[in-house]
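Novice: need the 3D shape of this:
(one chain, ligands or ions: 1)
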Amino acid sequence: MRILLVEDETKMRDFLKQGLEEQRYAVDTAEDGDDGLHWALNFPFDVIVLDVMLPRKNGLEVCRELRNQRILTPILMLTARDAIDDRVAGLDCGADDYLVKPFAFRELLARLRALARRGSSQKSTRLIVGDLVLDTLTHTAYRADNPIELTAKEYALLEFLMLHPNQVLSRTIIADHLWNYDYAPDSNVVDVYIRFLRKKIDDAYEEKYIRTLRGTGYQLVDPHCD
Ligand code: CA
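Specialist: Down below sits the predicted model:
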C-alpha cells in the first residue's frame, strides 16, 4: 500500500515516514499544501495523511480541491488538539477520518488499516480469501492453516491482491501501489515478486489463487466468488 504523507514539520514527517516504512507501506512525502496537491493529483495512493496546518495551502484547501477534482482516495486529517472547527471542517470538505495531535503511532496504523479496507469487502484486520488468510496486524499469512513466511515486499503484494480480489491488476498498477516514487522499479520486477509469492501460496496446492492474464496483468481469484 502506498501512502502520501503531507506534513511540514520535518521531525514529525521523518518519524512517521520511517515508522510507516517499517510497517511495509510505500511512502511519498510532501512538505506543503501545493506540493501535496501535486502528488495527490499525479500519483495513485491508497491513503493520504494530510496535516491541516500547512504552508502555501492548508490541508482543508488541499482536501477540498482533491474532492473537486474527483480524487476519492481516503484522506486522514491530522488536526491540532482542541481545534474542533478543524475536525468539523475537515470532514465537511471530504476527509474520511481525522486524528488529533499528539497521537499514538499505533492509533495511526489502526486508522490507516481501516481506511485501506474501506471500499473492500474485507471488514476485519484478517484478510480472507478462500483458505488464504493474511493477518495485517502480525503480517503473517496462512494457507489452509499453514503459516507462510513472507518478506516485506511479498507481504505488501499479497495484501494488495487480497484487498482487490477478482480484479485484474496490471503490472503498472501493482508497481505504483507497492513502491514509492524514489524506488519505482521497472514493472517487470512485479513478475519476479509474483513468482516468489506463487511459490509460497500456490505451488504446493491444487487450487491456485494467482492467475496470470497474458498481456494484461494478474488477478487473485476468490474461488467462492467466481
Ligand atoms: Ca503543520
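Novice: for the protein, which residues are neighbours of the ion?
Specialist: Along the chain, the residues adjacent to the ion under the rule Cβ under 5 Å from the ion are 8, 51, 53. Using the backbone N, CA and C atoms, a C-beta is placed for each residue, glycine as well.
Novice: which residue ranges of this structure form helices?
Specialist: Across the chain, reading from the start of the chain, the helices by DSSP state H fall at 10-22, 33-42, 59-68, 84-92, 105-117, 152-163, 171-178, 188-201.
Novice: and these: which comes nearest V129?
Specialist: helix 152-163 (5.5 Å; Cβ to Cβ).
Novice: what's the angle from the closest one to helix 105-117?
Specialist: Helix 152-163 and helix 105-117 meet at an angle of 50 degrees, taking axes from the mean of the first three to the mean of the last three Cα atoms, to 10 degrees as the criterion.
Novice: using CSV, list the CA coordinates for helix 152-163.
Specialist: Coordinates of each C-alpha in helix 152-163 appear next as CSV, following Å, rounded to 0.1, in the frame of the first residue of the first chain:
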residue,chain,number,x,y,z
ALA,A,152,8.2,-7.2,3.3
LYS,A,153,7.5,-6.9,-0.4
GLU,A,154,5.8,-10.3,-0.7
TYR,A,155,3.6,-9.2,2.2
ALA,A,156,2.8,-5.9,0.5
LEU,A,157,2.0,-7.6,-2.8
LEU,A,158,-0.3,-10.2,-1.2
GLU,A,159,-2.1,-7.6,0.9
PHE,A,160,-2.7,-5.5,-2.3
LEU,A,161,-4.0,-8.5,-4.2
MET,A,162,-6.2,-9.6,-1.3
LEU,A,163,-7.7,-6.1,-0.9
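Novice: report the buried residues of it.
Specialist: Neighbour-count burial for helix 152-163, counted by 16 or more other Cβ atoms under 10 Å, picks out 153-163.
Novice: what does it contact?
Specialist: The set of residues external to helix 152-163 that reach it, using Cβ atoms under 8 Å, 6 or more residues apart in numbering, is 1, 24-26, 116-117, 120, 122, 127, 129, 132, 134, 136, 139, 141, 150, 169, 174, 177-178, 190, 193-194, 196-197, 200-201, 210, 218, 220.
Novice: next, the angle helix 171-178 makes with it.
Specialist: Helix 152-163 runs at 110 degrees relative to helix 171-178, counting by the same axes, to 10 degrees.
Novice: can you list the domains in this protein?
Specialist: Residue ranges for the structural domains of the chain, counted by automatic domain parsing, are given in the record as 2-118, 126-225.
Novice: what does the helix-or-strand element of the chain with minimal mean pLDDT contact?
Specialist: Every helix and strand of the chain was ranked by mean pLDDT, DSSP states H and E. The lowest is helix 84-92, at a mean of 80. With contacts defined as Cβ under 8 Å, 6+ apart, helix 84-92 is touched by 52, 59-60, 63, 77, 79-80, 98, 100.
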